[in-house]
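>>> predicted structure and sequence below. I'll ask about it afterward.
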Amino acid sequence: MTTFASETDTLTRDALTVLQPGFTGTTAPDWLLRRLGEGLASVGLFGRNISSPEQLAALTAQLRAERDDVLVAIDEEGGDVTRLEVGTGSSFPGNHALGAVDDVELTREVARELGRRLAACGVNFNWAPSADVNSNPGNPVIGVRSFGADPDLVARHTAAYVTGLQSAGVAACTKHFPGHGDTAVDSHHALPRIDVDPVVLGDRELAPFRAAIAAGTRAVMSAHILVPALDRDRPATLSRRILTDLLRGELGYDGLIVTDGMEMQAIAATYGIERGSVLAIAAGADAICVGGGLADDETVRRLRDALVAAVRSGELAEERLADAARRVRELARWTAGAATEAGRDGSGDVGLTAARRAVRTTGADGFTPLTEAPYVAAFTPVANIAVGDETPWGVAAELAGLLPGTEAGTFTGPDAGGSALAAAGERRIVAVVRDEHRHPWMAAALDTLLTARPDTLVVEMGVPQAPARGALHIATHGAARVCGRAAAEIIAGA
């Protein structure tokens, strides 16, 4: 059989079109610009690519000079997961705080303002919101990234977030289908498994995705999780039963399906990224997210060639690849033509407003705000990869602005409580924790502190599952910068 050059060119362009790679640096490398000219239609941005709004706007302009309808994607959930403010902490409190407030109009307004800021920098595709129902309190990767543990609450806030974000001309990507909330394993490291029956899945995990689809979400991101009730053999990202039969067929979704990062160990360790990418497109995915850890031209070339080879061998139908590329281009056209609010006045303080409304206090009736600088003891767990360890969190910086002279230390492990006591000396202690219920060493550290210093104030910046304790207990429902600000205002009476 003769292969004509035009057929080869079309196949190669389609294979490039379905890739969403990342890169290193704050300007676009030559290889990336060249690939955009060859058919690449999407680029993924991470914290390593962003130093300021002005720099980001220049970067996206550079990309659009090569391809004017390029999809510029980012993982900007607000709260813990921020790329726009990776060095300072987010101006938005995150999903769990919004769920705690439970005001869908506030959620819509927060998402609209976040979208406005993204659009102003030239970003038009956001890998958010997380629609996962955090039904497992021990979940190591979702937690405060979820609106909560109640499916109805998560559903209404997911829909509001999608509506708000897309009203600013930024495509929403609702994740992680069919739901990552009931997992005890982080898919960055291994393959999680959810063992529940189809009725529970339908009522719990799928409810927020139905709401997102009804709200018009332009994209859905698949999860690297095994759900035996739906497919005993393949994780969702590689499962035709889940992506095509369930998401497309039963739920009636017709937008873009994008994978979670293919370099994550749940896929890469078992299938490899080339094989995994072929299987994902064959299963019904339309775009391959890769670049969180792999961000070079060699990766793009390998994935392109793997897709082309799979079509030529008959393993991947050419029509399926062409359909995937078509959906990518359709989303690019939508973003290019969407009316944006980037030039309008925004609600600059809506994130802080939301963070303040999300705070819950125990023991406030007998509490007198501090007037002298305290010692802040932060009990710090290992950050999951989605959050990263570059972004600061806590209350120390905000308290130092309100109570000059505030000092702080970070503590971890079995001796954390004693070390914090020794470091604090006679100063009043503010103990800051994240997900105390998940970390026995952290609970023991608080026991030590409160036994010796019952006047210690406790700020819980994760999911507040452990009993409230301390002279004052503040649950912020998130660890973003604005959550720290809201807690510091209460401690200092500001």
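Everything's here; your move.
>>> need the per-residue pLDDT for the residue nearest to Gly255 when sequence neighbours are not counted.
Nearest non-adjacent residue to Gly255, counting by CB to CB, 6 or more residues apart in numbering: Arg218, 5.2 Å away. C-betas here are computed from N, CA, C, even on glycine. On pLDDT, Arg218 comes in at 98.
>>> what's the answer for Gly425, then?
Confidence score, pLDDT, at Gly425: 96.
>>> now do the phi/psi pair for Pro375.
Slight slip there: residue 375 is Tyr, not Pro. Per-residue torsions, Tyr375: phi -110, psi 130 (degrees, to the nearest 10).
>>> ok, Leu449 next?
Dihedral angles (degrees, to the nearest 10) for Leu449: phi -60, psi -50.
>>> my guess is it contacts Thr456, does it?
Yes. Applying CB atoms under 8 Å, one finds Leu449 in contact with Thr456, separated by 5.0 Å.
>>> between the two, what contacts are shared?
With contacts taken as CB atoms under 8 Å, 6 or more residues apart in numbering, Leu449 and Thr456 have 429, 431 as neighbours in common.
>>> touching, the residue nearest to Gly255 and Leu331? I think so.
Yes. Counting by CB under 8 Å, Arg218 touches Leu331, with 5.8 Å between them.
>>> more crowded one of these two?
Neighbours per residue, other CB atoms under 10 Å: of Arg218 and Leu331, the larger number sits with Leu331, 25 against 22.
>>> so what sits against both of Arg218 and Leu331?
Common neighbours of Arg218 and Leu331, using CB under 8 Å, 6+ apart, are 171, 255-256.
>>> are any of these buried, and which?
In terms of neighbour count (16 or more other CB atoms under 10 Å), the buried residues within the shared contacts of Arg218 and Leu331 are 171, 255-256.
>>> now those in TSV, with distance to Ala306 and pLDDT?
Below are these laid out as TSV (distance: CB to CB, whole Å; pLDDT from 0 to 100):
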residue	distance to Ala306	pLDDT
Ala171	26	98
Gly255	25	98
Leu256	21	98
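>>> which of those residues fall in strands?
Residues of these located in strands (DSSP state E): 171, 256.
>>> how about His473, nearest residue that isn't a chain neighbour?
Thr362 (4.2 Å).
>>> just the helices in the stretch 101-250 of the chain please.
Along the stretch 101-250 of the chain, the stretches classed as helices by DSSP state H, counting those that start in this stretch are 104-120, 151-167, 198-200, 206-214, 240.
>>> can you redo these as JSON lines with mean pLDDT?
Listed next are the helices of the stretch 101-250 of the chain as JSON lines, based on pLDDT from 0 to 100:
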{"stretch": "helix 104-120", "mean pLDDT": "97"}
{"stretch": "helix 151-167", "mean pLDDT": "98"}
{"stretch": "helix 198-200", "mean pLDDT": "93"}
{"stretch": "helix 206-214", "mean pLDDT": "98"}
{"stretch": "helix 240", "mean pLDDT": "98"}
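>>> how close does His180 get to Phe125?
According to CB to CB, to the nearest Å, His180 and Phe125 sit 20 Å apart.
>>> now Leu446
Counting by CB to CB, the gap from Leu446 to Phe125 is 42 Å.
>>> give the contact list for Thr183.
136, 139, 141-142, 192-194, 225.
>>> at 10 Å instead, please
132, 134-136, 138-142, 176, 191-194, 223, 225-226 (CB atoms under 10 Å, 6 or more residues apart in numbering).
>>> what about the residues you listed, which are in strands?
Using DSSP E, those in strands are His176.
>>> give the buried subset of the contacts of Thr183 as a ChimeraX selection command.
Typed into ChimeraX, the line below selects the buried ones among these, using 16+ other CB under 10 Å:
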select :132,134,135,136,139,140,141,142,176,191,192,194,223,225,226
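>>> can you tell me the SS state at Val376?
strand (DSSP: H, G, I helix; E, B strand; the rest coil).
>>> look up how far Ser91 lies from it.
From Val376 to Ser91 the distance is 21 Å (CB to CB).
>>> which helix runs longest in the protein?
helix 318-337 (DSSP state H).
>>> helix/strand/coil for Gly44?
At Gly44 the chain is in strand, as set by three-state DSSP.
>>> so it versus Asp305, what's the distance?
Distance of Gly44 to Asp305, computed by CB to CB: 20 Å.
>>> can you check Asp203 too?
Remark: distance between Asp203 and Asp305 (CB to CB) = 43 Å.
>>> just Ala41 next, same as before
18 Å.
>>> which of the two has more residues huddled nearby?
Legend: neighbour count by other CB under 10 Å for Ala41 and Asp305, higher for Ala41 (23 against 13).
>>> list the contacts of the residue nearest to the more buried one when sequence neighbours are not counted.
What sits nearest to Ala41 in space, not counting adjacent residues and going by CB to CB, 6+ apart, is Thr17, at 4.6 Å. By CB under 10 Å, 6+ apart, the contact list for Thr17 reads 38-42, 71, 286-287, 304, 321-322, 324-329, 332.
>>> now with 7 Å?
39-41, 325, 328-329 (CB atoms under 7 Å, 6 or more residues apart in numbering).
>>> go on, Leu16?
35, 38-40, 304.
>>> in helices, which of those residues fall?
Among the contacts of Leu16, the members found in helices (DSSP H) are 35, 38, 304.
>>> what's the pLDDT at Ile189?
One thing to correct before we go on: residue 189 is His, not Ile. 66.
>>> likewise Asn384?
pLDDT, Asn384: 56.
>>> repeat for Ile194
pLDDT, Ile194: 89.
>>> end to end, how far does stretch 173-181 reach?
Taking CA to CA, to the nearest Å as the measure, stretch 173-181 stretches 17 Å from start to finish.
>>> surely Arg320 meets Ala280?
No. At 10.9 Å, Arg320 does not count as touching Ala280 under the criterion of CB atoms under 7 Å.
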